[in-house]
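Enquirer: next come a sequence and a model predicted from it.
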Amino acid sequence: MDLIKSLRKLNKIQPDQEYSRKSRLVVLNTQQLPPTPSAFRLLAISSARFTTALAIVAIFILVVVGGFSINKTGDEIISGLDLRGLRAEAQAIDIQIELTRVVYEEGEETEKAIVVAKKISPSTKGGDSATLDAEEILKAIDESTSTEVTTIDAILEKISN
Amino acid sequence: MDGEENLIQGAARGESSAFGQLYDLYQPRIYRFVLIKVGQREEAEDLTHQVFLNAWQNMKGYKSRGFPFSSWLYRIARNKVIDFYRTKRESISIDRVDPEIFLAPAIQQFSFDKNIEAEGLARAIQELEPNYQDVVIMRFVEDLTVAETAAALKKSQGSVKVIQHRAIKKLKEILKTD
């Protein structure tokens, strides 16, 4: 009990008045700090940052792995192709195009020849024989189609002969 | 208490006059608490100043949560003392403390005999564990209730009672041996 009474007497200890006055003045002339965010808010911010970082890393990994797999699939597709067959097919297509062109050019040259023959014939042999001459020209054209190159000059040369 | 609540709200809004009144009310208590724990007047003055500076700077974020304002100040003071011991461990030995700069200048209100008694008691308290020191000072020097002490120390009331019982027992042992 005496101990408790003695302890209560320590309550009379007082700080120095001059110190208290100066300290008070300094404290009250200091700027206050803005309130710090709550622990929950800090946790939310940090977890959001972590999630964002994680998402970016995941996307990066996905892009890298995806890029590799796409590259690999492309190689597999190319390796699965019959290149020789493809090349042969491509060449065949070219040939068909050339043949079609030849036929088309043949038809065009024939029409031109008929027009030329019609223009030339009336002045030399008369109107009735014009049709006959044209037939001869066509014949000449038929003969000329057996050759690889058929031009209007070649047909005209044949007709003139 | 309503007046104190107004002062706290005013200080939280940045009113220095309101915090000035709180300073006048609590500074001697915090100073005693720190002085008895660290045993040196100059250190006690420095630490008490830091406690109130810290409190003022962080007043905008203060939330009472049903606890008295003093419990917040005691908590800051307790942390400051812990930091003090952590950084100046070599200077805490009682044996190395110069008696001239010990409590004597702060206990001038007592008679010569009572000065010696008060110093002896304060030194005995310093030999207790930090938790015991806190409870003894708060409960018997500052006359705080068990609930207020529990709030300041973030402990249950039952735990404070147990610590109080052990602390007084230990203090008696120390004073007997001295």
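Expert: Great, that's in hand. Numbers count the residues shown, from 1 in each chain, chains lettered A, B, ... in the order given.
Enquirer: near chain B, which residues of chain A?
Expert: Counting by Cβ under 8 Å from any Cβ of the partner chain, the positions of chain A adjacent to chain B are A:3-4, A:6-16, A:19-20, A:23-24, A:26-36. Every C-beta, even on glycine, is put in place using the N, C-alpha and C of the backbone.
Enquirer: residue closest to the middle of chain B?
Expert: Taking Cα atoms, centre = their mean, the centroid of chain B lies closest to B:Phe33, which sits 2.1 Å from it.
Enquirer: B:Arg75 is in contact with that residue, correct?
Expert: No - checked against Cβ atoms under 8 Å, the pair B:Phe33 and B:Arg75 is beyond contact range at 11.0 Å.
Enquirer: tell me the first helix or strand C-terminal of the worst-scoring helix or strand of chain B on mean pLDDT.
Expert: Scoring the helices and strands of chain B by mean pLDDT, DSSP states H and E places helix B:112-126 at the bottom, with a mean of 77. Taking DSSP states H and E as the definition, the helix or strand that follows helix B:112-126 towards the C-terminus is helix B:130-136.
Enquirer: what about the spatially closest residue to B:Val136 that is not a sequence neighbour, distance to B:Lys37?
Expert: Spatial nearest neighbour of B:Val136, chain neighbours left out: B:Ala167 (4.9 Å); criterion: Cβ to Cβ, 6 or more residues apart in numbering or on different chains. B:Ala167 sits 13 Å away from B:Lys37, taking Cβ to Cβ, to the nearest Å as the criterion.
Enquirer: what do you get for B:Asn54?
Expert: Look at B:Asn54 and B:Lys37: by Cβ to Cβ, they are 17 Å apart.
Enquirer: between the two, tell me which one has more neighbours.
Expert: With neighbours defined as other Cβ atoms under 10 Å in any protein chain shown, B:Asn54 and B:Lys37 compare such that B:Lys37 has more, 26 against 17.
Enquirer: B:Asn131 is in contact with that one, correct?
Expert: No - the pair B:Lys37 / B:Asn131 is not scored as a contact, 11.5 Å apart, by Cβ under 8 Å.
Enquirer: buried residues in the helix or strand containing B:Ile36?
Expert: B:Ile36 belongs to helix B:16-38 when elements are defined using DSSP H and E. In terms of neighbour count (16 or more other Cβ atoms under 10 Å in any protein chain shown), helix B:16-38 has its buried residues at B:16, B:18-23, B:26-38.
Enquirer: centre of the chain versus the following helix or strand past it, how much separation?
Expert: Toward the C-terminus, helix B:16-38 is succeeded by helix B:41-57 as the next helix or strand (DSSP H and E). Between the mean C-alpha point of helix B:41-57 and the mean C-alpha point of its chain there is a distance of 11 Å (Cα atoms, centre = their mean, to the nearest Å).
Enquirer: by contact count, what packs against the next helix or strand after helix B:41-57?
Expert: Towards the C-terminus, the helix or strand next in line after helix B:41-57, according to DSSP H and E, is helix B:69-87. Using 3 or more Cβ pairs under 8 Å, 6 or more residues apart in numbering or on different chains; DSSP states H and E, the elements in contact with helix B:69-87 are helix B:16-38, helix B:41-57, helix B:130-136, helix B:146-153.
Enquirer: would you reformat those as CSV and include mean pLDDT?
Expert: Below are the helices and strands packed on helix B:69-87 laid out as CSV (pLDDT from 0 to 100):
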stretch, mean pLDDT
helix B:16-38, 93
helix B:41-57, 94
helix B:130-136, 93
helix B:146-153, 90
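Enquirer: alright, I will stop here.
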